[in-house]
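no sequence for this one, just the structure:
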């Protein structure tokens with residue numbers, strides 16, 4: 001058994017020749033002649049093996065047949081890590097007896113189940129390999145794959161670069177990728193060939209994904225928890241790329257934006273230990289993609305609000321405005337999809353991946369700060385949550401007299417506190433933390449409703465609706481009513497939150 005660690009990047013077919021002439025590859029220790037690889041992937045028509053977390057293929061290389069069993073692919077930031085078992089066989093079908101029993105799912109113990117496994121799709125491509133040995137001894141295999149993926153009824157082209165770590169640290173994969181991307185518009189590919197083959201065999205509409213729980217444990221250090229939280233944020237971000245690129249559910253954009261907010265909140269929570277100067281290389285780029293997604297999200301929320309108003313009031317003059325908003329919404333999604341398909345977005349993810357795997361913040365820290373990173377995470381969590389809580393309490397003093405800008409800033413602070421609570425939720429007893437988290441979320445939601453009217457005014461200006469238009473007067477009145485109704489409730493919501501026991505002091 002081996003653990004495979006590789007980075008996958010899409011390359012446009014027309015850039016393949018330029019890639020092959022790249023100076024980095026010209027300095028490679030060796031280059032193998034192109035080799036034709038034909039692979040057949042096996043599973044049941046219902047994808048049972050995939051559901052059990054494994055992939056099975058037989059590769060044909062000339063007269064040789066090699067079968068490979070891989071665990072579920074964990075693709076993040078383009079990095080793919082899997083366990084695999086590989087051996088040579090005599091025929092075109094898998095020989096299950098040659099795999100260790102622990103490698104196969106229990107479902108395979110029944111021979112009747114094995115008979116249900118059939119060929120599902122194939123990959124047929126040419127592979128050129130370069131062997132790189134870097135100055136520090138790290139060995140990386142660079143492969144250029146060009147061909148296609150086929151089922152009985154469908155096919156799609158295949159054009160990608162794989163960087164496989166043979167020895168050394170994964171951060172070198174990111175370094176090589178960034179070097180190549182300086183000259184070529186390479187884009188991160190988070191789907192393996194097998195994943196694309198499965199999607200080709202049976203298309204399922206992409207779904208949005210919420211963040212889920214960050215699985216921290218009390219025995220983690222403060223630094224280990226940071227590493228874990230940031231990867232979790234990036235996983236949340238990339239899990240929603242497909243639904244934004246190819247789906248129709250507007251929740252995908254929302255979740256990607258939440259993922260970036262969570263990432264930025266994590267950096268804020270840790271800024272006393274992770275110096276801000278170590279993040280400046282990618283902070284501006286994080287803000288760029290956050291803003292692009294933010295425009296689309298604002299139009300989504302406004303469109304939903306207009307739909308809700310129309311269903312309640314049946315105000316006929318909103319119909320024209322809804323059509324205009326739909327056009328702006330559509331254009332915003334074009335911008336989002338162009339951004340996600342751009343080398344700029346991929347470069348951001350590569351920079352983040354390198355920064356994390358290198359733990360670059362350590363170079364800026366003294367011995368005292370480094371020691372703090374080694375302290376138990378719960379100590380740090382309690383301190384940082386209390387600090388943010390005190391800031392929220394100070395901002396919320398004299399709540400009823402706060403102006404719209406102050407309420408907006410309070411909402412941002414509450415969001416950061418909320419993300420912190422959810423990051424560290426596994427470190428504290430559930431009966432203590434759940435009620436607090438619920439009250440905090442309620443407060444955040446209520447303040448969000450107050451903020452919607454400010455955003456709506458900006459969007460109406462972008463649409464070009466005249467200040468004296470009856471539709472604008474109607475909407476202004478509607479939002480004023482919403483604010484008055486909402487604000488009447490807010491004082492009690494704030495009081496209820498303020499009286500909550502803080503769970504981290506127990």
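That came through fine. All figures in this text were calculated on a predicted structure; none of them were measured in a lab.

pLDDT averaged over stretch 201-211 - what is it?
Summarised as a single mean, pLDDT over stretch 201-211 is 92.

how deep is the closest residue to residue 244 other than its chain neighbours tucked in, by neighbour count?
Spatially, and ignoring its direct neighbours in sequence, residue 244 is nearest to residue 252 (4.2 Å; C-beta to C-beta, 6 or more residues apart in numbering). Quick note: C-beta positions are derived from backbone N, CA and C, even for glycine. Residue 252: 25 surrounding residues under other C-beta atoms under 10 Å.

Pretty sure residue 58 sits in a strand.
Yes - with DSSP: H, G, I helix; E, B strand; the rest coil as the criterion, residue 58 is part of a strand.

Just confirm it contacts residue 88, I think it does.
No - taking C-beta atoms under 8 Å as the definition, residue 58 is not a contact partner of residue 88, at 10.4 Å.

Name the residues contacting each of these two.
65, 66, 67 (C-beta atoms under 8 Å, 6 or more residues apart in numbering).

what's the closest of the residues you listed to residue 165?
For the shared contacts of residue 58 and residue 88, the residue nearest residue 165 by C-beta to C-beta is residue 66; the value is 20.5 Å.

in the stretch 101-250 of the chain, which spans are helices?
For the stretch 101-250 of the chain, the helices defined by DSSP state H, counting those that start in this stretch occupy 111-114, 171-181, 193-201, 222-239, 241-246.

a markdown table for the ones you listed, including distance to residue 127 and mean neighbour count?
Conversion of those to a markdown table gives the following (distance: least, C-beta to C-beta, whole Å; neighbours: other C-beta atoms under 10 Å):
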| stretch | distance to residue 127 | mean neighbour count |
| --- | --- | --- |
| helix 111-114 | 30 | 11 |
| helix 171-181 | 17 | 21 |
| helix 193-201 | 11 | 20 |
| helix 222-239 | 26 | 21 |
| helix 241-246 | 26 | 18 |
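
I'd like those written out as TSV, with distance to residue 10 added.
Shown next, in TSV, are these (distance: least, C-beta to C-beta, whole Å):
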stretch	distance to residue 10
helix 111-114	35
helix 171-181	11
helix 193-201	11
helix 222-239	14
helix 241-246	13
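
For the shared contacts of residue 58 and residue 88, which single residue is the most surrounded?
residue 67 (23 neighbours).

Surely the residue nearest to residue 244 touches residue 205?
No - using C-beta under 8 Å, residue 252 makes no contact with residue 205, being 11.2 Å away.

Including pLDDT, could the shared contacts of residue 58 and residue 88 go into a markdown table?
Listed next are the shared contacts of residue 58 and residue 88 as a markdown table, based on pLDDT from 0 to 100:
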| residue | pLDDT |
| --- | --- |
| 65 | 94 |
| 66 | 96 |
| 67 | 94 |
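
Check what pLDDT the nearest residue to residue 199 once chain neighbours are set aside gets.
Of all residues not flanking residue 199 in the chain, residue 191 sits nearest, at 7.6 Å (C-beta to C-beta, 6+ apart). With respect to pLDDT, residue 191 scores 86.

Tell me how far residue 191 lies from residue 68.
Note on residue 191: its distance to residue 68, by C-beta to C-beta, to the nearest Å, is 18 Å.

and if you look at residue 324?
Distance from residue 324 to residue 68, by C-beta to C-beta: 54 Å.

Can you pull the domain assignment for the chain?
Domain assignment for the chain, taken from automatic domain parsing, gives 2-201, 206-375, 377-506.

among these, where is the model least confident on average?
Checking each of the domains of the chain, the one with the poorest mean pLDDT is domain 377-506, at a mean of 86.

so who does residue 295 touch?
Residue 295 sits in contact with 332, 335, where contact means C-beta under 8 Å, 6+ apart.

so it, which of the three states?
Under three-state DSSP, the three-state class of residue 295 is helix.

Check which helix or strand residue 348 maps to.
Using DSSP states H and E, the element containing residue 348 is helix 343-358.

Can you name every helix or strand that that helix contacts?
Judged by 3 or more C-beta pairs under 8 Å, 6 or more residues apart in numbering; DSSP states H and E, the packing partners of helix 343-358 are helix 171-181, strand 187-188, helix 222-239, helix 280-313.

Given the second one, what are its sheet partners and their directions?
This points to strand 187-188. The pairing partners recorded for strand 187-188 under DSSP bridges are strand 2-10 (antiparallel).

relative to helix 171-181, how tilted is the strand it pairs with?
Going by axes from the mean of the first three to the mean of the last three C-alpha atoms, to 10 degrees, strand 2-10 is angled at 20 degrees with respect to helix 171-181.

Strand 2-10 versus helix 193-201: what angle between them?
60 degrees.

Contacts for the helix or strand just after strand 2-10, please.
Downstream of strand 2-10, the next assigned helix or strand under DSSP H and E is helix 16-20. Residues outside helix 16-20 that contact it (C-beta under 8 Å, 6+ apart) are 11, 25, 128, 144, 146, 159, 161, 180, 183, 184.

What are the phi and psi values at the first one?
Reported as degrees, to the nearest 10, the phi and psi values for residue 11 are phi -130, psi 130.

mind listing what it touches?
Applying C-beta under 8 Å, 6+ apart, the residues contacting residue 11 are 19, 144, 159, 160, 161, 184, 186.

count of residues packed around the second one?
Summarising burial for residue 144: neighbours were counted as other C-beta under 10 Å, giving 20.

Where do the strands of the chain begin and end?
Remark: strands assigned in the chain by DSSP state E are 2-10, 30-31, 35-43, 54-61, 64-71, 74-76, 79-89, 118-133, 139-150, 155-167, 187-188.

coming back round to it: so which of the shared contacts of residue 58 and residue 88 comes closest to residue 172?
Distance to residue 172, by C-beta to C-beta, is smallest for residue 66 among these, at 27.1 Å.

Tell me what the residue nearest to that closest one when sequence neighbours are not counted is bridged to.
In space, and not counting its chain neighbours, residue 66 is closest to residue 59: 4.7 Å by C-beta to C-beta, 6+ apart. Legend: beta-bridge partners of residue 59 under DSSP bridges are residue 39, residue 66.

If you tally nearby residues, what's the number for residue 59?
Neighbour count for residue 59, taken as other C-beta under 10 Å: 16.

Please apply the same query to residue 108.
The burial count for residue 108: 19, using other C-beta under 10 Å.

What of residue 16?
Neighbours of residue 16 under the rule other C-beta under 10 Å: 17.

Then residue 275?
By other C-beta under 10 Å, neighbour count at residue 275 equals 16.

coming back round to it: let's have the contacts of helix 16-20 in a markdown table, adding distance to residue 428.
Shown next, in a markdown table, are these (distance: C-beta to C-beta, whole Å):
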| residue | distance to residue 428 |
| --- | --- |
| 11 | 47 |
| 25 | 51 |
| 128 | 53 |
| 144 | 50 |
| 146 | 52 |
| 159 | 48 |
| 161 | 44 |
| 180 | 45 |
| 183 | 49 |
| 184 | 47 |
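
how about these, which pair is most distant?
Farthest pair in the contacts of helix 16-20 (C-beta to C-beta) is 146 and 183. Separation: 18.9 Å.

do you know how far the residue lying closest to residue 400 once chain neighbours are set aside is from residue 501?
Of all residues not flanking residue 400 in the chain, residue 491 sits nearest, at 5.7 Å (C-beta to C-beta, 6+ apart). Using C-beta to C-beta, residue 491 is found at 20 Å from residue 501.

Same question for residue 153.
Taking C-beta to C-beta, one finds residue 153 at 61 Å from residue 501.

residues in contact with residue 436?
By C-beta under 8 Å, 6+ apart, the neighbours of residue 436 are 421, 500, 501, 502, 503.

Check the spacing between it and residue 388 real quick.
Going from residue 436 to residue 388 by C-beta to C-beta gives 13 Å.

what does residue 112 give?
Distance, residue 112 to residue 388, by C-beta to C-beta: 57 Å.
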